[in-house]
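**Student:** Can you look at this prediction? I've put the sequence above it.
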Amino acid sequence: MSNQLYGPVDDVAQQAGYEPDHPPRMGFLTDTSVCIGCKACEVACKEWNGVPGTELDLLGTSYDNTGDLGANTWRHVAFVEQAKPRRELVDLGMPAMGPPGGQEAEQPDQDLRWLMMSDVCKHCTHAACLDVCPTGSLFRTEYGTVVVQEDICNGCGYCVPACPYGVLDVRPGDGRAWKCTLCYDRLSDGMEPACAKACPTDSIQFGPVEELRERGQQRVEELRAAGIDEAQLYGADPGDGVGGDGCFFLLLDEPEVYGLPPDPIVTTRDLPSMWKHAAAAAATVAATAVAAFVGSRR
Amino acid sequence: MAECHPVGFQWVMEAKQRGAAVFHVDPRFTRTSALADAHVPLRAGTDIAFLGGLVNYVLQNELDFRDYVLEYTNAAAIVDERFRDTEDLDGLFSGYDPETGSYDPVSWAYADATAAAAAGHRDMPKDGHAGSASLAASPERAGAGGPAVSAKPHQDRTLQDSRCVYQILKRHYARYTPEMVERVCGIPQEMFRKVAEAVTSSSGRDRTTAWVYSVGWTQHTVGVQYIRTAAILQLLLGNVGRPGGGILALRGHASIQGSTDIPTLFNLLPGYIPMPHAHHDENLDSFVEDDAGATGFWGNMKAYAVSLLKAWWGDAATEDNDFCFGYLPRLSGDHGTYRTVLDQIAGDVKGYFVIGENPAVGSANSRLQRLGLANLEWLVVRDLQMIETATFWNNAPELETGELVTEQIPTEVFFLPAASHTEKDGTFTNTQRLLQWHHKAVEPQGDQRSDLWFYYHLGRRIREKLAGSTDPRDRPVLDLTWEYPTEGEVGEPSAEAVLREINGVGPDSSALSAFTELADDGSTACGCWIYCGCFTDEVNQPARRKPGSEQSWVAPEWAWSWPANRRILYNRASADADGRPWSARKAYVWWDATEERWTGHDVPDFEVTKPPDYEPEPNARAQDALSGTDAFVMQTDGKAWLYVPTGLLDGPLPTHYEPQESPFTNLIYGQQVNPVRHVYRHPANRYHPMPTERGVDVFPYVFTTYRLTEHHTAGGMSRFLPYLSELQPAFFCEVSPELAAQRGLEHGGWATIITARTAVEARVLVTDRMRAVQVQDRTVHQVGIPYHWGPNGLSTGDAGNELLSAALDPNVHIQESKAATCDVLPGRRPRGPDLEELVRDYRARAGITEDTGITTGRVGTEGTASE
């Protein structure tokens, strides 16, 4: 089968060995344009999955006090508080668009923006965490999601540096790796994941990935038509470095603004060529050795 | 709204998606501002100036919805010639008595109307503290039933008469120009115009604008008038009684609306029937005569009151004994929270039930609250967690300063664990008046019990103890209808049986279906007349959960809303005088001439067969006295009131006054503050100097208190939970970079915030979201203080409410917690007696005495009733 480690894949579950009648690939579209930073997703996730609380610490990073995705934070709401970047538009002399009253003088307050984004495991098409897991604890489910089985994980931690997003983490005092399961148990009972269920503004939308991609694209077009030119989908492209994410985002600016890697690449992409190079090197070493012995006999 | 009502904010986001423009008016840039089209920052405590500016913009540019204004408001009514406006008296209305700090509203009435007479009927309390007029206008009396005025005041429908409401309004708000708004509120004129244009262009036949407010409007010494200003604006623009319009009050807790409808307030009975007064309401007939308007639906108040008495006292309530009217408790003055707390300190209160509140850290001037708690015989606290109100004897800050000593506190504290909403059946009534049933999901554990269980069994045991008593004072308790089916091991009373009792039953003991069936002869019983119909057909209507996709867009089969399952009140106003929708786009309820009845998407808020051209007979009463265009059916004159001829204590028109504590003089009038606000002279409740007084500079900053999404009010439901505590783990204050630089505050470090009451310490968040505003050509910095904390639980810290004074709105006795002044120092606060010394030093520097800040207004003192 082609594109085992890199490149677009039509059916990730089938690639993982499920029969063709498996359920469609499921995921999240997290639309940050309607996220109000309420953190209901963080709490619902912890409640449903029994994730331990974190240490109480006022981080001083706006209203974010859980810091990052980790073994004990499977949903994390980032708060980006900054001056609105000024993007000078070239005046084409077209009729002006905008709110009633026409073009107004810049108000100082309008220079401020406060972006919120609920981050989560991306459930990549090419999940390096899964590729490097030596025990088979990490596996691909019939929904195309990537789940850690806590009773199999041996705590080797290989998956931690493998993840291009820094999602995987080992729980202190426990030793095992933990992350979002896309509420595998709820999905099996026909329920949506806890975070999506709790989201009051439907910023977190759950559904078949195909459908979410279309919905996301449509929303991007709406926002751009409304003048938000930087609106973009992040992680929805099957041609990207991880073969597209099962959980992707609608952002209002470049991914770096939210602390997301702009061009993530599955860390195992180069595995075949690495093995090829290693094999070539081994062959060279062997050949050299053979040559040396052969030569010495002369 | 996104901060404190995230679930409701989904509808704002949906409206935005459908093209609505969203403006957020707030001193702070919050999560709501982040999602709004524009944030309009203003100085805390100046909203009447801002809203008055909008009213002026509408009137000066003649942008009012004239057909609507003429038909449905009192714009054309002629006011008594004795009336003098704030224009004439530099910020006061006619009738002000500086001695008592109150108004005699007799001159505010409609010309030649019976309003004055109606007010005059109301006699004087026998203690002679308050005059008859202030009693008549007192919300303890009239806030509920609506004050009575004559059904048909003289009118000038050309709106040209200089004494008509429209002209008075126009003169009153003429000062509220965009320039004035800028100088008072700090809102740049460009921004103000942008809002004004958006609001006016989105109102009219085809469009409506909605205003949404929360305690940021109510918690002021002029809180009621904030809402009134919005009401004037909405009425001028025709945005009331129509889809997409209205003024939406977001309540502070789940079911606060319910606890107003069936009140936990001292001055109301269920369904907004006023609580009778000790000296005034000798019998049912005089009570009804004075409080019910003779016209409008309040004309049936006797039926509502008798049915209530029948629900409470059943067979014991007969026509011969005035339906046990004498059993009702009586008002003898102000029994609001702050008055009660002062009475506690004075030793006049023996016992105190605290249910689902945490006054030790959750009420303004928390120290005052704790001093009251520490001077009782007994205190019962029912809560989910061991909150500060239950542990004040053990960890109040006053123990550290030495002001209180545990061993010397006489209060015996009973803590009773409560069941949460998931552990009991019952209803929530939301801001839309929607009763929504919730089912018990899990059994409460251990000793946790529902409130219903607690009160039912407390009553049952008291009745057992009193059984056989011949003392007449025990009759009200012994005669109560107290039979409710119980279930389970603990004997949980059936919440559904209670709901059915609230709904009411007719002579055949079957559930009533509408309040129009209520009678005044004792044949019906109803626990709350506005809730009548919630158990129609013996079905629990609030438990209905038909999905929106399976019914009309008004969704009448989702739960049940009072009254009569009506989703928009006064919806007769959604049609024009002839009963036709104002526009196809905004059609809601209309007159069907062929069927000769009102119909539409909602339950019409009008008698369904009363035609638009109906004219009442001269001596008609109740709803029969209202014409076919009198859309505001609860009002005695059927009109929405731009001008309030009677019923408010602080004037017929909203007027900008500065907060009790403000660094600025009132630019608009000579009168600085609300002249009839309630202030209390008490050593633990000192006020800051007025801007004209020496020492005002000692407290140079404005602060405002608020909530965060992650915590719930005073923290009882959130600070004890790890998943919520980690999200906001510590008490912090928010300051601008400029203020941080001015005072040497470090991001993430500590700040000490000081007022004349006390000082608290908070972690510092330096953020661009806090912005200085330019006011009266000066820069003023604002400090943001979320108030969730206290010493108990996981996420701990000082309580922001410690900083506040008790200065109250006179109408509803709510404290001014949204705007006050303070100083800020870097670092942590002193400990022990040093803390008191720091605050004493500040008071001395500011020259604060017992008279500071108490220039005018109704002053209550230590230990004596203020009225």
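**Tutor:** Ah, there it is.

**Student:** tell me the domain ranges of the chain?
**Tutor:** All of this refers to chain A. With domains defined by automatic domain parsing, chain A comprises A:12-85+A:109-266, A:268-298.

**Student:** wait, chain B
**Tutor:** B:91-142, B:260-331+B:495-543, B:678-861.

**Student:** Quick one, which of the ones you listed gets closest to B:Glu403.
**Tutor:** domain B:678-861 (7.4 Å; Cβ to Cβ). From N, CA and C alone the C-beta is placed, and that goes for glycine too.

**Student:** Does chain A have contacts with that closest one?
**Tutor:** Yes - residues of domain B:678-861 contacting chain A under Cβ under 8 Å from any Cβ of the partner chain: B:708-710, B:722-730, B:732, B:747-748, B:763, B:765, B:767-769, B:771, B:794-795.

**Student:** Likewise for stretch B:160-180?
**Tutor:** No - using Cβ under 8 Å from any Cβ, stretch B:160-180 stays clear of chain A, with a minimum separation of 13.1 Å.

**Student:** Need the distance between the two termini of that stretch.
**Tutor:** The first residue of stretch B:160-180 is 26 Å away from its last residue (Cα to Cα, to the nearest Å).

**Student:** quick one on the thing from earlier: quick one: closest of the domains of chain A to B:Ala174.
**Tutor:** Using Cβ to Cβ, the nearest of the domains of chain A to B:Ala174 is domain A:12-85+A:109-266, at 28.7 Å.

**Student:** ok, is the closest one in contact with chain B or not?
**Tutor:** Yes - between domain A:12-85+A:109-266 and chain B, judged by Cβ under 8 Å from any Cβ, the touching residues are A:34, A:36-40, A:42-43, A:46-47, A:53-58, A:60, A:62-63, A:65-66, A:81, A:83, A:109-110, A:112-116, A:200-202.

**Student:** how close does A:Ala231 get to A:Asp185?
**Tutor:** For A:Ala231, the distance to A:Asp185 (Cβ to Cβ, to the nearest Å) stands at 34 Å.

**Student:** Between those two, which is the more surrounded one?
**Tutor:** Each of A:Ala231 and A:Asp185 has its neighbours counted (other Cβ atoms under 10 Å in any protein chain shown); A:Ala231 has more, 21 against 12.

**Student:** all helices of the stretch 351-500 of chain B, in order?
**Tutor:** Counting by DSSP state H, counting those that start in this stretch, the stretch 351-500 of chain B has helices at residues B:359-362, B:366-373, B:388-395, B:397-401, B:451-466, B:475-478, B:495-503.

**Student:** model confidence over the third one, on average?
**Tutor:** Model confidence over helix B:388-395 averages 97 on the pLDDT scale.

**Student:** correct me, but B:His678 touches B:Pro810?
**Tutor:** Yes - with contact defined as Cβ atoms under 8 Å, B:His678 counts as touching B:Pro810 (5.5 Å).

**Student:** Restricted to helices, list the residues of domain A:12-85+A:109-266 next to chain B.
**Tutor:** A:Ala40, A:Glu42, A:Val43, A:Lys46, A:Glu47 (DSSP state H).

**Student:** Looking at these, spot the one nearest A:Arg176.
**Tutor:** A:Lys46 (17.0 Å).

**Student:** where does the residue lying closest to that closest one once chain neighbours are set aside land in three-state SS?
**Tutor:** Spatial nearest neighbour of A:Lys46, chain neighbours left out: B:Tyr723 (4.9 Å); criterion: Cβ to Cβ, 6 or more residues apart in numbering or on different chains. What DSSP: H, G, I helix; E, B strand; the rest coil gives for B:Tyr723 is helix.

**Student:** Pull the contacting residues for B:Tyr723.
**Tutor:** Residues near B:Tyr723 by Cβ atoms under 8 Å, 6 or more residues apart in numbering or on different chains: A:Glu42, A:Val43, A:Lys46, A:Glu47, A:Gly53.

**Student:** how about TSV for those residues, with pLDDT and neighbour count added?
**Tutor:** Formatted as TSV, these follow (pLDDT from 0 to 100; neighbours: other Cβ atoms under 10 Å in any protein chain shown):
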residue	pLDDT	neighbour count
A:Glu42	98	24
A:Val43	98	20
A:Lys46	98	24
A:Glu47	97	13
A:Gly53	93	17
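
**Student:** now, among these, which is nearest to chain B?
**Tutor:** Checking the contacts of B:Tyr723 against chain B by Cβ to the nearest Cβ gives A:Gly53 as the nearest, at 3.4 Å.

**Student:** Pretty sure B:Glu726 is one of the things that closest one touches, is it not?
**Tutor:** Yes - with contact defined as Cβ under 8 Å, A:Gly53 counts as touching B:Glu726 (5.3 Å).

**Student:** Now do A:Asn154: how many residues are near it, please.
**Tutor:** 13.

**Student:** Quick check: it is in a helix.
**Tutor:** No - assessed with three-state DSSP, A:Asn154 is coil; it does not lie in a helix.

**Student:** quick one, phi psi at the spatially closest residue to it that is not a sequence neighbour?
**Tutor:** Once flanking residues are discounted, A:Asn154 sits nearest to A:Thr135: 5.3 Å by Cβ to Cβ, 6+ apart. In terms of degrees, to the nearest 10, the main-chain angles of A:Thr135 are phi -100, psi -10.

**Student:** which residues touch A:Thr135?
**Tutor:** The contact partners of A:Thr135, by Cβ under 8 Å, 6+ apart, come to A:Ile152, A:Cys153, A:Asn154, A:Cys156.

**Student:** so where do the helices sit in the stretch 101-250 of chain A?
**Tutor:** Ranges of helices within the stretch 101-250 of chain A are A:128-132, A:159-162, A:184-188, A:194-198, A:209-225, based on DSSP H, counting those that start in this stretch.

**Student:** Distance from the chain centre to the last one, please.
**Tutor:** The one in question is helix A:209-225. Centre-to-centre, helix A:209-225 and its host chain are 17 Å apart (Cα atoms, centre = their mean, to the nearest Å).

**Student:** So which other helices or strands are in contact with it?
**Tutor:** strand A:26-31, strand A:204-208, strand A:232-234, strand A:247-251 (3 or more Cβ pairs under 8 Å, 6 or more residues apart in numbering or on different chains; DSSP states H and E).

**Student:** go again using 7 Å as the cut-off
**Tutor:** strand A:26-31, strand A:232-234, strand A:247-251 (3 or more Cβ pairs under 7 Å, 6 or more residues apart in numbering or on different chains; DSSP states H and E).

**Student:** any idea which of those strands is most buried?
**Tutor:** strand A:26-31 (a mean of 28; mean count of other Cβ atoms under 10 Å in any protein chain shown).

**Student:** biggest helix in chain A by residues?
**Tutor:** helix A:271-297.

**Student:** Now restrict the residues of domain B:678-861 next to chain A to buried residues only.
**Tutor:** Among the residues of domain B:678-861 next to chain A, those scoring as buried are B:708-710, B:723-729, B:732, B:763, B:765, B:767-769, B:771, B:794-795 (criterion: 16 or more other Cβ atoms under 10 Å in any protein chain shown).

**Student:** Next, the residue nearest the centre of chain A: phi, psi?
**Tutor:** Nearest residue to the geometric centre of chain A (Cα atoms, centre = their mean): A:Lys122, 2.8 Å. Main-chain torsions, A:Lys122, degrees, to the nearest 10: phi -90, psi -10.

**Student:** Just want to check the distance between the closest residue to B:Asp97 other than its chain neighbours and B:Asn74.
**Tutor:** Spatially, and ignoring its direct neighbours in sequence, B:Asp97 is nearest to B:Asp104 (6.6 Å; Cβ to Cβ, 6+ apart). Distance from B:Asp104 to B:Asn74, counting by Cβ to Cβ: 21 Å.

**Student:** can you check B:Gly716 too?
**Tutor:** To B:Asn74, B:Gly716 is 44 Å away according to Cβ to Cβ.

**Student:** Equivalent analysis for B:Pro547, please.
**Tutor:** 42 Å.

**Student:** The two: which is more packed in?
**Tutor:** B:Asn74 (27 against 9).
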